[in-house]
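Trainee: just a sequence and a predicted model for now, questions to come.
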Amino acid sequence: MRPGHHAWRGLTLLELMVTLAIVAVMASLAVPSFGAQITRVRLKSAAEQLAADLAEARFEAVRRGQALSVHFESGAAWCYTVATAPACACGSPQPCQVRNVQSSAHRDVVLDQASDLLFEPTAQALDAPASALLRSSRGERLRVELSRLGHAKVCAPESVTLGYPRC
């Protein structure tokens, strides 16, 4: 070889295969944590949307001068609706619905429990505090609590997780 010149050496097939195997192992380690993160984001999104919808329903009842009810159906195919009539189901679109949210909008999230609410147009206090419990497919849970004055907040029932205080 002449001085000042370098011989370029390419990768052998074996070196390339070892490198690809290492990259594949590293990627397979990252996938479960990425999936868990997506599930957490979906749970947080569902809880935040429910809290916002409850706050909006309270405001809208006062603005309209009309009572609005919130009806929940729990389980895997859960839904909730904000409606002008207490018996307005959320399974399919109806004229009485002001807002209708289906479980399909929040994959991997289940509504475990919730009780129906009624927001009076006078913004009077609720008879008792109310809450709804949401659970991810990985078992993490968040609760949306509504104070007697109608203020919604998201909290974690077990411990301080997902960035929310303990209930």
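Mentor: Done, it's in.

Trainee: just give me the residue right at the centre of this structure.
Mentor: Nearest to the mean C-alpha position of the chain, counting by C-alpha atoms, centre = their mean, stands Ala46 at 2.4 Å.

Trainee: so it, which state does it fall into?
Mentor: helix (DSSP: H, G, I helix; E, B strand; the rest coil).

Trainee: and the closest residue to Ala132 other than its chain neighbours, how close does it get to Val23?
Mentor: With C-beta to C-beta, 6 or more residues apart in numbering as the criterion, Ala132 has its nearest non-adjacent residue at 3.5 Å, and that residue is Ala114. Where you see a C-beta, it was placed from the backbone N, CA and C, and this is true even at glycine. Distance, Ala114 to Val23, using C-beta to C-beta, to the nearest Å: 45 Å.

Trainee: kindly report the same for Leu149.
Mentor: 55 Å.

Trainee: then Val82?
Mentor: 49 Å.

Trainee: try Arg42
Mentor: 28 Å.

Trainee: okay, those two: which has more neighbours?
Mentor: Per other C-beta atoms under 10 Å, whichever of Arg42 and Val23 has more neighbours is Arg42, with 18 against 10.

Trainee: can I assume that one sits in a helix?
Mentor: Yes - the assignment for Arg42 by three-state DSSP puts it in a helix.

Trainee: my read is that it contacts Asp108, right?
Mentor: Yes - in this structure Arg42 lies within contact range of Asp108 using C-beta atoms under 8 Å: 5.2 Å.

Trainee: okay, and the common contacts of those two?
Mentor: Ser136 (C-beta atoms under 8 Å, 6 or more residues apart in numbering).

Trainee: the lowest-mean-pLDDT helix or strand in the chain packs against which elements?
Mentor: When the helices and strands of the chain are scored by mean pLDDT, DSSP states H and E, helix 13-64 comes last with a mean of 84. Judged by 3 or more C-beta pairs under 8 Å, 6 or more residues apart in numbering; DSSP states H and E, the packing partners of helix 13-64 are strand 68-73, strand 79-83, strand 97-102, strand 109-114, strand 117-119, strand 130-136, strand 141-146, strand 152-155.

Trainee: quick one: that helix to strand 109-114, angle?
Mentor: 40 degrees (axes from the mean of the first three to the mean of the last three C-alpha atoms, to 10 degrees).
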